[in-house]
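K.L.:
no sequence for this one, just the structure:
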């Protein structure tokens, strides 16, 4: 089958690069359009990233020859779309929130679906915030979104913040198994790649941790509630539980966010063995559909006392699995564990690609 | 006034070295006796640590000329004590628990008080676990200890684990101000020096965090309860609150343990401003007695959003203050903050020296 | 074709683990015998490495079920060999030099070829020190070795120290192209995995470099001379040039040794462009034989001004290529460059496997 | 005696902050004027650096209350100078070279001496590049400089690049003792603070080294020749020897530049013991004058095989000494050693302050 031609907006940034690295050799999608800031526009992609390609894995050679367009210049994208070179775009834009929102809207309005990594639209009530294993049914809101806005082919779907990927899938697996979760206290130890490039100065990361990431705790507490919400009356009604308290720390790790989680169940409380069984057995729509980027097992349990660890576990199942360990009772609540996921793969580009695969399978793309 | 001659057991290890570095130039104490494992015994101290002195700060030149004795050989210590060369010892022994306990007992029984950094005696019911600003009155148990055991001059006093120093003093200041604390969830980010030397392999700390430290969570949860306990009937009755749940992580930091704390008050809840005022104003016995190693302010508040940080704050007030920041409401409990203390100074050798100063001031030494 | 059954001695150490990770799925070799210290002997491999498997990549599940034997117990290896379970062994022994030499000799004498990573036999005059692209013809000495010692099937072939892999192949390519090299000054920046596990304490690697690695400078200066030597009269006559001066540093990098090289040619001096062409075009016997572990291009040139970098370049071509950059004239000699190779793959287990593939192709195994 | 009021240009940057930290409590100088970019101008210093003070050591409280002026606005500096608030300035400007040169000229022309850390004037033939222990007599050129330019009180004196401090003083001590040095190959391992703030992204420093620092090798090779030059005909004639070849690497170290040095003497060659004696005995003008910031011993030898190390040795003698170790013969040239100095103290602000002390003692300020 012919591959679907796709575009990447913000193609030269940290997440944009991760998209191009992951899409090199993708069985369904082929990058045929790249756009970035005016500074990069007009150069070949390989020239635009010369001396600032940050990853060990490389982009597809054909992408290196693509001309980078100005992401603000919609006419270029529309022309590409009409020419069959851009069926939809992955957005890894790194502008301000208002600007990003307006720009993503304009692409969608012009008939180009936007699968976004940006935070701009996460709180738009008819835009789904998708973790493919957790709320695949939230894609249904796209019909309302299109209708309300009068969009024909275009729409917007986003993915959540990278900090929550290490604990939301495990929480969801427990909820799905019938266990209410009332309260969660989580401390994250987050990798520097989450801040993009140049991101965190090395002066602040050598022999140090920084106990603060701007805006991250709010996202970590609130975004799960939208993801766990229900579609009702053309919008997503946020869940009201669990209450989450997040402490977000930046640590000297290149990739891989860890989360130390304490949680309180409702009246019905699973045993530790039941928790392990639920997580081990957990499969969801991406696994059922056998999507190319779906991890075989969304949640991998490590039984060693000192795992998961970022350098050793972040790449599990192509960087798409959540690795969980230290599953034990909590001295204050009911359950404690440590979760880990690759923040620029599962938590960013890989998560976006999996969402696109889901949307394609469901006929939205 | 003539300085008090003191000994250091385990003088060649990481904490032993920190003792010698901090005691160089101490106004009250002078190291005149060193003991370590049989491997070091019989060498001059400077020879015993040649090529394995780990600190930037140096030991006193006179200590370099001392002969290192075998710590297991009590006769040497007794002879030194009789010769006026060892009024008491700091124990930084790194043997097994049983061995350490027996050895510390034998020193005390022989009339040599032991101010210990080791964990062996922390759960002995008539041995005080002292944080000088928190439970200075627990020194009273020493009288019972001596009487019960028939010890004349010798006794044992210990300090708690390094992991708890970043949060117990702030908690105590709130308790002292009349606010009950019911529950605490704490995640620590601990420096590698806490594991001694060679300690944590660099292979495990480069681009990585390890979410486990053997035995550390139990200590972090239980030791505060003894410290917050009351003397009753010749033993220390542990407090029953707060319930503490600890997640202990090892991070690539040389010195300085951080703690992300969420806590629940009892019915009476202070405002954030009250909390700040309580911590800013907190002073205790070491400050009243103006002990040489006491920090001027036991708790230092940093108002910047991204502090405290280990490399920038661990050395506050000679490494003896606890630095606190990010004081804010908790989304699940009542209060959140981040605490930081220097684990081998405040949390080990410096804390031990301050305890000795307290005990000297109170007439126990 | 049926795979050749092989053994790994020292299978639980850092390099032994790397062997098992790389041999999982190897097209020619299959690990059917593992041996280690008495401490591990008698356990299944998966039990022996439980909680101390250090790599992200895993061993083959079938290896996990193998019983680990005592490497000192030759009878076990001989029995396995007779049972068709151990055609030859990879030695990643981590004992003392004398012990290792004696043990490797005893395996060879018993008819089991030894492809060794250990340094014990590097200066034995009839034992080849192989870098498959540099001196593949040194395998010829094996015939002399067998004859002299009266060994029938067994023999010993070793690989050089990991520190030299980043510069010896580039030097050889220039020599092969007809350019004499008189003198070399090299400073290495070496990863911690080179020291095995636990290896370098993290206390010494956080915010630090250590300008010394025991024995490493001697190896870095002398081993290239044997590799560049000639077989003559049943032994390898060392080359007398180039003179090499090495400064070896340990840096906080997990994997990947860098080398900053300044070199002086003889009278005939290539231009920078010629150097680049020589390196780009360089191919050798492993490439001609298309050996499974051979890199397609043994030397990869990066033109960016700031490459090669360990984290970004060490895994080039399965970690088997040498990446070279910053090729420029030297202000004191003729040529400067930076070389980089993966020390536990190209510089250890991967290099050993490639040597075995070469020996197999040449009929020695 | 009343302290001399001084100004700091570029007061909010990494080196500017280091100036303010080191000048807090200086016995001769008192900061009474601060200037920075227009972004900071008009704020109190404490406001200008709120949330971006990078050092553990703090500035003087009185400096926090100073209004930051626009460094480009000379009228402010002149007014301060006339008001007795700015006898001279330390320049830690971080603008472009041309701009910096013009601005420093304008300060000097206006009668305000400039002690500069910037590279702009290092190759101006009548501007001395001072290392106080190496070429204190180069201050004599200031008379020519003033005369030629018609400057009355103002003048410009600069300090060299931070990368050369670890080896130029040791080289000079050998030259002064009568040993010619013909050639030097040096590899530096440089700390991230050398790049200012934000400087090197942490993404590039975690588990990595970067074998390139823009412009640094040229400075490392050429600046020593000016420092070792002679005043002749109103300008400094550069030395022609030694020829230096530098490889400059960025490593994950916060502070402290290391240098691995191989050097070739002329016909007369000292023994290793003579070298050690020369370095141990080396004293120069700053020591003779007992300048407040002068290290007691400019060169400290560590005999341990694995020193100097940045974290353990950079702070020797207030961060002003050069620590040298691994003194041994070279396999290619004559002598090898490792030098280390604190790049933002000895190599930047501390070096500038020492230069000002020298100039004050000699009557230039």
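P.N.:
Sure, I can see it. Everything numeric here is computed off the predicted structure, so don't read it as measured data. Numbers count the residues shown, from 1 in each chain, chains lettered A, B, ... in the order given.
K.L.:
Nearest spatial neighbour of the one residue in the stretch 101-250 of chain A that gets nearest to chain C, chain-adjacent residues omitted?
P.N.:
Residue nearest to chain C within the stretch 101-250 of chain A (C-beta to the nearest C-beta): residue A:207, separated by 3.9 Å. Glycine gets a C-beta too; all of them are placed from N, C-alpha and C. Spatial nearest neighbour of residue A:207, excluding adjacent residues (C-beta to C-beta, 6 or more residues apart in numbering or on different chains): residue C:207 at 3.9 Å.
K.L.:
so what pLDDT did the residue of the stretch 101-250 of chain A closest to chain C get?
P.N.:
With respect to pLDDT, residue A:207 scores 98.
K.L.:
Show me what residue A:236 is bridged to.
P.N.:
residue A:231 (DSSP bridges).
K.L.:
where along chain A do the strands fall?
P.N.:
A:4-9, A:29-36, A:68-70, A:88-91, A:114-116, A:156-158, A:181-190, A:230-232, A:235-237, A:243-250, A:257-265, A:299-301, A:322-329, A:335-341 (DSSP state E).
K.L.:
Dump these into TSV; add mean pLDDT as well.
P.N.:
Formatted as TSV, these follow (pLDDT from 0 to 100):
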stretch	mean pLDDT
strand A:4-9	98
strand A:29-36	98
strand A:68-70	97
strand A:88-91	98
strand A:114-116	98
strand A:156-158	98
strand A:181-190	98
strand A:230-232	96
strand A:235-237	96
strand A:243-250	98
strand A:257-265	98
strand A:299-301	98
strand A:322-329	98
strand A:335-341	98
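K.L.:
In TSV: the ones you listed, plus distance to residue D:33.
P.N.:
Listed next are those as TSV, based on distance: least, C-beta to C-beta, whole Å:
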stretch	distance to residue D:33
strand A:4-9	48
strand A:29-36	43
strand A:68-70	45
strand A:88-91	49
strand A:114-116	50
strand A:156-158	51
strand A:181-190	41
strand A:230-232	63
strand A:235-237	58
strand A:243-250	36
strand A:257-265	46
strand A:299-301	60
strand A:322-329	56
strand A:335-341	51
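K.L.:
How is chain A partitioned into domains?
P.N.:
A:4-161+A:348-361, A:163-342 (automatic domain parsing).
K.L.:
possible to save these as a markdown table with distance to residue C:221 and mean neighbour count?
P.N.:
Output for these, formatted as a markdown table (distance: least, C-beta to C-beta, whole Å; neighbours: other C-beta atoms under 10 Å in any protein chain shown):
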| stretch | distance to residue C:221 | mean neighbour count |
| --- | --- | --- |
| domain A:4-161+A:348-361 | 31 | 21 |
| domain A:163-342 | 32 | 21 |
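K.L.:
Mind putting those into CSV with distance to residue C:282?
P.N.:
As requested, the domains of chain A are exported to CSV (distance: least, C-beta to C-beta, whole Å):
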stretch, distance to residue C:282
domain A:4-161+A:348-361, 21
domain A:163-342, 31
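K.L.:
looking at these, which is closest to residue B:30?
P.N.:
Of all those, domain A:163-342 sits nearest to residue B:30, with 32.5 Å by C-beta to C-beta.
K.L.:
now that closest one, how far from the centre of its chain.
P.N.:
Its chain's C-alpha centre and that of domain A:163-342 lie 12 Å apart, by C-alpha atoms, centre = their mean, to the nearest Å.
K.L.:
Span of that domain from start to end?
P.N.:
This stretch, domain A:163-342, spans 10 Å end to end (C-alpha to C-alpha, to the nearest Å).
K.L.:
what do you get for stretch A:287-298?
P.N.:
Per C-alpha to C-alpha, stretch A:287-298 runs 8 Å from first to last residue.
K.L.:
Residue B:307: which of the domains of chain A is closest?
P.N.:
Going by C-beta to C-beta, the one of the domains of chain A nearest residue B:307 is domain A:163-342, 7.6 Å.
K.L.:
what are the ranges of the helices in the stretch 251-365 of chain A?
P.N.:
A:272-281, A:285-288, A:310-313, A:316-319, A:350-361 (DSSP state H, counting those that start in this stretch).
K.L.:
Might you enumerate the residues of the stretch 101-250 of chain A proximal to chain C?
P.N.:
Residues of the stretch 101-250 of chain A found near chain C (C-beta under 8 Å from any C-beta of the partner chain) are A:206-207.
K.L.:
can you list the residues of the stretch 101-250 of chain A near chain D?
P.N.:
Within the stretch 101-250 of chain A, the positions adjacent to chain D are A:192-193, A:197-207 by C-beta under 8 Å from any C-beta.
K.L.:
which two of those residues lie the greatest distance from each other?
P.N.:
Farthest-apart pair in those is A:197 and A:207; separation 21.7 Å (C-beta to C-beta).
K.L.:
Please report how far residue A:228 lies from residue A:104.
P.N.:
Per C-beta to C-beta, to the nearest Å, residue A:228 is found 24 Å from residue A:104.
K.L.:
Close to chain D: what parts of the stretch 251-365 of chain A are there?
P.N.:
Counting by C-beta under 8 Å from any C-beta, the stretch 251-365 of chain A comes close to chain D at A:252-254, A:311.
K.L.:
Go back to those and keep what's next to chain B.
P.N.:
Near chain B, by the rule C-beta under 8 Å from any C-beta, you find A:252-254, A:311 out of these.
K.L.:
Sort out which one of these lies nearest residue A:156 for me.
P.N.:
Nearest to residue A:156 among those, counting by C-beta to C-beta, is residue A:254 at 30.4 Å.
K.L.:
End to end on stretch A:284-297, go ahead and measure it.
P.N.:
End-to-end for stretch A:284-297, by C-alpha to C-alpha: 9 Å.
K.L.:
now check it, is it near chain C?
P.N.:
No: among the residues of stretch A:284-297, none lie within reach of chain C under C-beta under 8 Å from any C-beta; the closest is 14.4 Å away.
K.L.:
I'd like the mean pLDDT over that stretch, please.
P.N.:
On average, stretch A:284-297 scores 98.
K.L.:
can you list contacts of that stretch?
P.N.:
A:22, A:26-28, A:132-134, A:136, A:280, A:282-283, A:298, A:316-318, A:320-321, A:350, A:353-354, A:357-358, A:361 (C-beta atoms under 8 Å, 6 or more residues apart in numbering or on different chains).
K.L.:
pLDDT weak spots in the stretch 1-150 of chain A?
P.N.:
The stretch 1-150 of chain A contains no residues with pLDDT under 70.
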